[in-house]
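[1] Requesting a structural model of the entry that follows:
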Amino acid sequence: MSIVELVPQYRDDINKGLFDIYPDGPISLTQPVRYVLRGGGKRIRPLLTIFSAEACGGSKDDVFSSALAVEVLHNFTLVHDDIMDQDYIRHGQQTVHKKWDDGVAILSGDAMLSLALSLLNQSSMALPSQMKIFIEGLLAVCEGQALDKEFESHEMVVLNDYIHMIDLKTGHMIGLAAELGAVSSGADPVVCKSIRDYGRLLGRAFQIQDDYLEIFSHSENMGKSLKSDIMLGKKTYLMIQALEKNASMMNNIFSIAQTDFEKGLLDIRQYLTDEGIKDKTINEINMIIEQADEKLYNLSIDKNKLIYFSELIKKRGY
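    Numbering: from 1, shown residues only. Modelled structure (predicted):
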């Protein structure tokens, strides 16, 4: 089976694995957890876990429970992030706190974290190492989210601080997915580190790409509302540069967006295009993905699926 054919097959397998991981319990908990895990998504992170394992000579079966753990962990963070950012749409459906309430969403997220750890515990391959990677990644994601929230109240944020934040919030999660796959295959520590760094760089590119798509894509394509980042004053890769160029103009556009979001969004798009920030961002995304691929070049592994995965990220959402 070709790599192109494997991706939908693996996604189907991942979805089937997620659908029934929590069948028994209070309905007020099982129902929202099932709702989240059946809500869709491209399953980028568990795919990367499987591809990393296979690249290092392991198998999908050996790493499958760890791959599911990564996806459940990721969705746990989204459920809680949506409360903090007051997002109402995720994966094309209402967020948990919108459909139920904040209490249900908090408790559902907590349960999902427990389920993720339980799934990881089912792995028989290098379990202590996997647990250490998982726990460190979880804390890094929390620290990244904390910085993201802190930045909302800052008038200015420099790009280096932003990169540090997304390396924690997004880079560590995708790096975690890649590293778990390599570790589960019994790969050499040097190989595991390189694959981890590959994943972290991909995560950086992924988040900058997300920032770009929040402005230049549309809600249907992204499966979520595009309003929250602008309304909350999120300091994204594009907005930081725009504010550095002309803070007073951007603040005026933000004010317009508060009362007429569509006009404000059009004005933001125009300004980012005219100032070259749009093109610069696309070039930066592509350069970071190339840097990620370079982490693999000197490794004696089967790189084909990982290089293909990089291309999936590059084309995402455009």
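[2] only C-alpha atoms for contact and neighbour calcs from this point on.
    Will do.
[3] State the distance from residue 237 to residue 311.
    Noted for residue 237: a distance of 21 Å to residue 311, by Cα to Cα, to the nearest Å.
[4] Tell me which of those two has more neighbours.
    residue 237 (22 against 13; other Cα atoms under 10 Å).
[5] That one and residue 210 touch, don't they?
    No: under the criterion of Cα atoms under 8 Å, residue 237 lies out of contact with residue 210, with a separation of 9.6 Å.
[6] what residues are up against residue 159?
    Shown in contact with residue 159 (Cα atoms under 8 Å, 6 or more residues apart in numbering): 237, 240-241.
[7] so how far is residue 151 from it?
    When distance is defined by Cα to Cα, residue 159 is 12 Å away from residue 151.
[8] show me what contacts residue 144?
    Applying Cα under 8 Å, 6+ apart, one finds that residue 144 lies in contact with 165-170.
[9] switch to 10 Å and redo it
    If a contact means Cα atoms under 10 Å, 6 or more residues apart in numbering, then residue 144 has 138, 150, 162, 164-172 as its contacts.
[10] Kindly state the pLDDT recorded for the nearest residue to it once chain neighbours are set aside?
    Nearest in space to residue 144, with sequence neighbours left out and distances taken as Cα to Cα, 6 or more residues apart in numbering, is residue 169 at 4.2 Å. Confidence at residue 169, expressed as pLDDT, is 95.
[11] Make residue 1 into 344 and carry on from there
    Okay, using 344 as the starting number, the last item reads as residue 512.
[12] so where's the stretch 344-493 of the chain uncertain?
    Screening the stretch 344-493 of the chain residue by residue with the criterion pLDDT under 70, one finds the ranges 469.
[13] which stretches of it form helices?
    Along the stretch 344-493 of the chain, counting by DSSP state H, counting those that start in this stretch, helices occupy 346-362, 370-380, 387-398, 403-428, 439-442, 445-464, 470-495.
[14] Any idea which of these gets closest to residue 623?
    Ranking the helices of the stretch 344-493 of the chain by proximity to residue 623 (Cα to Cα) places helix 470-495 first, at 22.4 Å.
[15] Show me which positions of stretch 654-661 end up buried.
    Of the residues in stretch 654-661, those with enough neighbours to count as buried (16 or more other Cα atoms under 10 Å) are 656-657.
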